[in-house]
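[1] sequence unknown, structure follows:
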Ligand SMILES: Cc1cc2nc3c(=O)[nH]c(=O)nc-3n(C[C@H](O)[C@H](O)[C@H](O)COP(=O)(O)OP(=O)(O)OC[C@H]3O[C@@H](n4cnc5c(N)ncnc54)[C@H](O)[C@@H]3O)c2cc1C
């Protein structure tokens, strides 16, 4: 497109919502997405049993409600159907396989210059526009902490983004590291499929529960989460359970379902903070993501800290929340969108 007014980076739900709003006002823009599809987190990098973790009224995009027939916690497939309808209704056309590697504001031209690598040709393409919309999400790069001996682990190591379901893990010893929403759900899925599942929990109260309180999610939901977590932790430490079907219990070797933080790894043995060591076939790291915006958005020192989190208080938002910043030619935030999380 010649002379777009805005460049949007990222075609996740935030980028799609921004594009829809701009289309509504006939504002010319381009939408650059590094993957070969929109909403790649949901289409390619999430597990099968995933549902929206928040109730549907908090997750719908502007100008289109979820169908009434959708349940309160929308399953992944229905959410993707909703996004498909959204994209075709608002005639959104992302430019795929464009990975943005650089963006800076040209003070003289009063324009943002953006360089994107065309992933299929390898060429660098250049774009410029008055506005830049950063909609690249908080889940850009899967994060696995560095553990001593991780490279010596003889089994399989995956990140939660690579986990689909527990079908292939029946009778395997699987360690889930991290007790956020993904960790809890993946552990449950593994146990339901007959894997001998343990979960390593570092902090006294899982982040997701603590955060739910901060986000003002209704107390009843927080209460349910706390109750579920407390029950989990109070399980007899020798029973591998997690709502495992009765028949599976017969095959379960006695293992600790809840373990403290990992300390190191030696071959197939994982050593925990309490000195205990256990063998595992697979480790699933549900340890979150690293933000990458601060690597390519230049001159943004006043906006993002070194972790890529917005500095200004009115953009201070919790982990797992959509980040979407629109900058005008002075670099000021002229529009703020967090369509998935309006509360
Ligand atoms: C397991 C899980 C469950 C969740 N449940 C909920 C929920 O119930 N409700 C809720 O509101 N949120 C939930 N979230 C949070 C999730 O981040 C949001 O749902 C939503 O996907 C955020 O949308 P986004 O567009 O901001 O970011 P993303 O969905 O992460 O999209 C960002 C897009 O930008 C692209 N991109 C990144 N960097 C570049 C680059 N340099 N160049 C070009 N493109 C780039 C990515 O490929 C991606 O397509 C969940 C997240 C996870 C992992």
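    It's in. Here the structure is a predicted model, which is why all the values come from computation and not from measurement.
[2] and the protein, which of its residues are near the ligand?
    Neighbours of the ligand within the chain, by Cβ under 6 Å from any ligand atom: 9-15, 32-35, 40-41, 46, 50, 52-54, 59, 99-100, 135-140, 181-182, 292, 296, 320, 322, 340-341. To be clear about C-beta, it is placed using only N, CA and C from the backbone, and glycine gets the same treatment.
[3] Filter those residues down to just the ones in strands.
    9, 32, 99-100 (DSSP state E).
[4] contacts for the helix or strand containing residue 30?
    Residue 30 belongs to strand 29-32 when assigned by DSSP states H and E. The contact list for strand 29-32, computed with Cβ atoms under 8 Å, 6 or more residues apart in numbering, reads 1, 4-11, 15-16, 19, 22, 92-95, 98, 100, 114, 116, 127, 129, 131, 133.
[5] farthest residue from the center of the chain?
    Distance from the C-alpha centroid of the chain peaks at residue 108, with 37.1 Å (Cα atoms, centre = their mean).
[6] phi, psi of that residue?
    phi -70, psi -50 (degrees, to the nearest 10).
[7] if we can go back for a sec, from the contacts of strand 29-32, list just the buried residues.
    Buried by 16 or more other Cβ atoms under 10 Å: 4, 6-11, 15-16, 19, 22, 92, 94-95, 98, 100, 114, 116, 127, 129, 131, 133, out of the contacts of strand 29-32.
[8] Among those, which ones are in helices?
    Applying DSSP state H to those, the entries found in helices are 15-16, 19, 22.
[9] Spell out, range by range, the helices that occur in this structure.
    13-24, 40-43, 76-89, 181-192, 207-214, 219-234, 246-249, 293-296.
[10] mean confidence score for the longest one?
    To tie it back to what came earlier, the one meant is helix 219-234. Mean pLDDT, helix 219-234: 45.
[11] If any of the residues of the chain next to the ligand are buried, put those into a PyMOL selection.
    In PyMOL syntax, the buried subset of the residues of the chain next to the ligand is picked out as below (16+ other Cβ under 10 Å):
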select buried, resi 9+10+11+12+13+14+15+32+33+34+35+40+41+46+50+52+53+54+59+99+100+135+136+137+138+139+140+181+182+292+296+320+322+340+341
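[12] quick check: domain ranges of this protein?
    Domain assignment for the chain, taken from automatic domain parsing, gives 6-140+291-342, 142-289.
[13] Among the ones in strands among the residues of the chain next to the ligand, which pair sits farthest apart?
    9 and 99 (9.5 Å; Cβ to Cβ).
[14] hey, what's in contact with both of those two?
    By Cβ under 8 Å, 6+ apart, no residue touches both residue 9 and residue 99.
[15] Need the per-residue pLDDT for the spatially most central residue of the chain.
    Most central in the chain under Cα atoms, centre = their mean is residue 139, positioned 4.3 Å from the mean C-alpha point. At residue 139, the pLDDT value in this model is 81.
[16] Also the one 4 residues further on?
    Here the pLDDT value assigned to residue 143 is 95.
[17] Spatially nearest residue to it, not counting backbone neighbours?
    residue 290 (4.6 Å; Cβ to Cβ, 6 or more residues apart in numbering).
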